[in-house]
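Visitor: sequence and predicted structure below; questions after.
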Amino acid sequence: MQIILTKDVDNLGRAGELVRVKPGYGRNYLLPRGLALLATKSNLAQLDHHRREIASQQAKLRTELEAKAEKLKEAVVSIPRKIGSEGKMYGSVSTKDISEALAAQNVELDRRLIKLSEAIKLVGEHEVEVRFSADVSVSIKVEIIGVPA
């Protein structure tokens with residue numbers, strides 16, 4: 001099945017590209033979410049117009065995301081966690097905890113944008129990546145403060 005992407009899709013392509021996908025993926029995921037259009041004759045004829053339209057939307061979105069990233073670059077998040085007598089932390093810190101700590105600082109951020117390879121289990125300062133899109137990301141400092149239990 002051939003489709004025209006209307007938005008960037010990870011591991012598939014950029015907006016405005018003509019790509020081949022399996023019929024189920026296109027019909028059940030991409031088309032209902034508005035991520036793609038069917039590659040019909042009329043849509044292919046309008047592809048240039050779609051590319052210009054998509055490029056302007058992408059440019060506008062990119063400037064908004066870069067502004068958010070610049071604002072977030074200076075953020076330092078402090079999260080208190082209970083520690084045991086040996087200095088080990090009870091539990092771990094996840095993307096939800098980081099998102100809630102940012103919300104307490106009046107910075108609204110979807111937790112799915114925060115990328116952790118694994119949950120933070122050590123007290124101290126950690127660098128965490130916030131990825132707004134494939135080409136706009138920023139690192140923030142997350143400080144885990146140990147509080148005796």
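Guide: Yep, it's here.

Visitor: quick one, longest strand in the protein?
Guide: strand 137-148 (DSSP state E).

Visitor: buried ones in it, by neighbour count?
Guide: Buried residues in strand 137-148, defined by neighbour count with 16 or more other C-beta atoms under 10 Å: 138, 140, 142, 144, 146. Using the backbone N, CA and C atoms, a C-beta is placed for each residue, glycine as well.

Visitor: kindly report the same for stretch 113-120.
Guide: So for stretch 113-120, counting by 16+ other C-beta under 10 Å, buried means 113-114, 116, 120.

Visitor: how about stretch 8-17?
Guide: 8-9, 13, 15-17.

Visitor: excluding chain neighbours, what is closest to the residue nearest the centre of the chain?
Guide: In the chain, the centroid-proximal residue (C-alpha atoms, centre = their mean) is residue 113; its distance is 3.1 Å. Once flanking residues are discounted, residue 113 sits nearest to residue 130: 5.4 Å by C-beta to C-beta, 6 or more residues apart in numbering.
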